[in-house]
Structures are given as C-alpha cells and as structure tokens.
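Q: Got a sequence here, can you build the structure:
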Amino acid sequence: DTGATGVTGDTGATGVTGDTGATGVTGDTGATGVTGDTGATGVTGDTGATGVTGDTGATGADGATGATGVGSELAGVQVQLQDPAVISVAAGTNVLFDTTVSNQSTAISYDPLTGALAITESGIYYIAWWVAADGIQGGTAIVPTFAITSSAGDNIQASSPIISGQLSGNALLAITAAPGSPVTLQLINATDSLIGYGMTPVKADLTIISQTPI
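A: Next up is the predicted model:
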C-alpha cells in the first residue's frame, strides 16, 4: 500500500527568467472604427489685402456712325391791316389784312382779297392775332368778338368786355391737308354787329407758324 503523503515543503526561490522569445507574426489589421462627429468650425481668419489692379485693356475700335437725324425749323407768315381808309369790319366777315410783313413758309399762303390763309401741309400750327377795336354797333352783340375759323370746322373765339382797346387771341390747330386740297382759315368778326377799328397805324395783326423738316 501507498504510504500517507507528507507535508508540502516551502516554495523554492524563483528561478532566473529566461531569454525573451522571438516576437510572433503581427496579426491582421482590425476593421476601421466609426468616424467621429465633425468638430466646431473655427473663427474665420482676417481678409487678405486687395491685390494690385491690373493694367487697363486697350480701348476698342469706334462703332459705326449712326444715321443723321431729321432737323426742323420754324416757318410761318405774318400779315397786318395797315390801310388807314379801312375803319370797320362787317358782321360775320373776314378781317382783310393788306400787308404781308413776312412769308417764310412754302406751306402757307395768304389771299388779301378774301382774307384767307391756305395751308397745304399737315402739321401743328400756332396762330396768334390781335385787333385794335373801337366800338360795336348795329346788332344784338354788345362786346367785340373775333374767331379763327377754318374749312376743317375749327371755330376758336375770343371776346372782350372792353369796347375800345386791343383784343387778342391764339390757337393751336392740328391741320390735316390732303394733296391738292388745302385747309383754309381766317380771322372773322364773330358777331352780328359791325366792329370799328382803332385809329392806329396797325389795326390788326396775325401770325401763323409751324415746325417744318429741313
């Protein structure tokens, strides 16, 4: 029979560590971990200095000159009544101007026998007139009244409560004149009474002007 196991003796002193063995082969790289959250954006840096301006490029060639525009000038006619023997104008009749002071228009002509101005070109015409009046009698009208009338139906009147004195008026007419069919206009006594003229060197004056192309 086996005899009883004796008491374990004290642990002996640790022996000297042996030399380290050779390093083993490196294992495979593990999978990449999840990307972390982006950090806060840093403060924007100072703006850099502006660079030097480059040289100006060469001036391009001049473009072609445009067509010359159409010019215009004022043209017109001025007539007056100067005859000392004419002392009045009858009811509803034309003022008969006897003196052409100026005629600078090829589109306007004046007939001293009828007192009518003939306009042969369409356009805008400005008319200014005055009459030295001296009394009114013979009809129901009690104040001098004159009117610019035309063959196109215009009738622009001017009157004055002053029986004796200078009466004036003006008109701006759009004239449409067909070839060979001029528009005529005249200054008339627009009352049913006779109107006397003042005893002045010039008893009446009419000027008509327009802009014509050149």
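Q: Could you verify my assumption that residue 155 touches residue 149?
A: Yes: in terms of Cβ atoms under 8 Å, residue 155 counts as a neighbour of residue 149; the distance is 5.0 Å. (C-beta placed from N, C-alpha, C; glycine too.)
Q: Which residue of those two possesses the greater neighbour count?
A: Neighbour totals were compared for residue 155 and residue 149, and residue 149 leads with 19 against 11 (other Cβ atoms under 10 Å).
Q: so which helix or strand takes in that one?
A: Using DSSP states H and E, residue 149 sits within strand 145-150.
Q: same thing with residue 200?
A: Using DSSP H and E, no helix or strand contains residue 200.
Q: again with residue 79
A: Per DSSP H and E: strand 72-81 holds residue 79.
Q: what distance separates that strand from the centre of its chain?
A: Mean-position distance between strand 72-81 and its chain equals 28 Å (Cα atoms, centre = their mean, to the nearest Å).
Q: How about that strand, which residues are buried there?
A: Under the neighbour-count criterion of 16 or more other Cβ atoms under 10 Å, strand 72-81 has 75-81 buried.
Q: May I have the strands that pair with that strand, each with its orientation?
A: strand 99-103 (antiparallel), strand 204-213 (antiparallel) (DSSP bridges).
Q: Output the shortest one in PDB, but only the C-alpha positions, please.
A: If I follow you right, that is strand 99-103. What follows is strand 99-103, C-alpha atoms only, in PDB (Å, rounded to 0.1, in the frame of the first residue of the first chain):
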ATOM      1  CA  THR A  99     -49.800 143.900 -95.800                       C
ATOM      2  CA  THR A 100     -47.600 140.700 -95.700                       C
ATOM      3  CA  VAL A 101     -44.900 141.500 -93.200                       C
ATOM      4  CA  SER A 102     -43.100 138.200 -93.600                       C
ATOM      5  CA  ASN A 103     -43.600 134.900 -95.500                       C
END
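Q: rewinding a little: nearest to residue 143, of the buried residues of strand 72-81?
A: residue 81 (20.4 Å; Cβ to Cβ).
Q: mind checking how far residue 166 is from residue 205?
A: Residue 166 is 10 Å from residue 205, where distance means Cβ to Cβ, to the nearest Å.
Q: what is in contact with these two at once?
A: Shared contacts of residue 166 and residue 205, defined by Cβ atoms under 8 Å, 6 or more residues apart in numbering, comprise residue 130.
Q: Which one's more surrounded, the two?
A: The neighbour count for residue 166 versus residue 205, taken as other Cβ under 10 Å, is higher for residue 205 (22 against 14).
Q: now the more buried one, nearest residue through space, not along the chain?
A: Of all residues beyond its chain neighbours, the one nearest residue 205 is residue 80 (4.9 Å), with distances taken as Cβ to Cβ, 6 or more residues apart in numbering.
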